[in-house]
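1. Sequence first, then the predicted structure:
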Amino acid sequence: MKRLFWSLVALITVMTAAPATLFAQIALFQDVTPIAIPANAMVIEMQKQPPKDYPHVGHRTPITMEQAVNMWASSHFQMTGAGENTLRVTVREADIVEKLLPVKKGIAGWFRKDQSAEYVATLEIVVALVDVNGRQQGSAEAKTMQSTTVPEGTTEAEKQALWTEMMKKAFGNLDRELLPRARQMLASGG
């Protein structure tokens, strides 16, 4: 009984001390059946790093787009070790941008809550099977965008939750577009 008690205390301590990013990572790509890829390695390339200056806000998310892409690729593609091919995942764009919206000022603004900012998440990924000589055997690509607005007074924590939800939706759209194309690429022999 003491062992169970101390195990529960340890678990609660770890859970309360764990950063929110851990919980966001766990929830981002659940229940995914990976695609078997006839390759022995996977390489993830970011064509350009998202800027960290305004209006780019992707670096303020609990999980950056780069981290999310790495988790997405690892959970969606399983290397079979067959042959000498490499799966190359190229990220052309992965960013979240903020656009401030006009809000009513003065006495009229006191009695209403306007939408104060719009966020646009863009995600563009190319998946290619490359042979040992660097020749591309086949590829699949997709681009998706998600946008939403927030009212005046939205807290940083609320924005982070919103950005995480936007990323989930963007990756969900990517799954619907890119994964069937990737399976078709593999079915046609690479």
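-> Received it, and whenever you're ready, just let me know what you need.

2. Which residues are in contact with the closest residue to residue 163 other than its chain neighbours?
-> Counting by CB to CB, 6 or more residues apart in numbering, the nearest residue to residue 163 once its immediate chain neighbours are dropped is residue 61, at 4.4 Å. Placement of C-beta: from N, CA and C, glycine included. Neighbour list for residue 61: 96, 160, 163-164, 167 [criterion: CB atoms under 8 Å, 6 or more residues apart in numbering].

3. Filter those down to the buried ones.
-> 96, 160, 163-164, 167 (16 or more other CB atoms under 10 Å).

4. Out of the contacts of residue 61, flag the one nearest to residue 81.
-> Closest approach to residue 81 among the contacts of residue 61 (CB to CB): residue 167, at 30.5 Å.

5. Tell me if that closest one really is in a helix.
-> Yes: applying DSSP: H, G, I helix; E, B strand; the rest coil, one finds residue 167 inside a helix.

6. do you know how far the closest residue to it other than its chain neighbours is from residue 131?
-> Spatial nearest neighbour of residue 167, excluding adjacent residues (CB to CB, 6+ apart): residue 68 at 5.6 Å. Distance of residue 68 to residue 131, computed by CB to CB, to the nearest Å: 28 Å.

7. higher neighbour count, these two?
-> Under the criterion of other CB atoms under 10 Å, the comparison of residue 68 against residue 131 puts residue 68 first, with 24 against 14.

8. That one reaches residue 164, doesn't it?
-> No: using CB atoms under 8 Å, residue 68 is not in contact with residue 164; the gap is 9.1 Å.

9. how about the spatially most central residue of the chain, secondary structure?
-> In the chain, the residue lying closest to the centroid (CA atoms, centre = their mean) is residue 68, at 3.7 Å. Of the three states, residue 68 takes helix under three-state DSSP.

10. so where is the protein shaky, pLDDT-wise?
-> The chain contains residues with pLDDT under 70 at 1-30, 104, 106-112, 189-190.

11. ranges for the helices of it?
-> For the chain, applying DSSP state H gives helices covering 2-17, 20-28, 65-76, 106-110, 156-187.

12. Quick one: list the elements packing against the longest one.
-> Using 3 or more CB pairs under 8 Å, 6 or more residues apart in numbering; DSSP states H and E as the contact criterion, the elements in contact with helix 156-187 are helix 20-28, strand 35-37, helix 65-76, strand 86-100, strand 115-130, strand 136-151.
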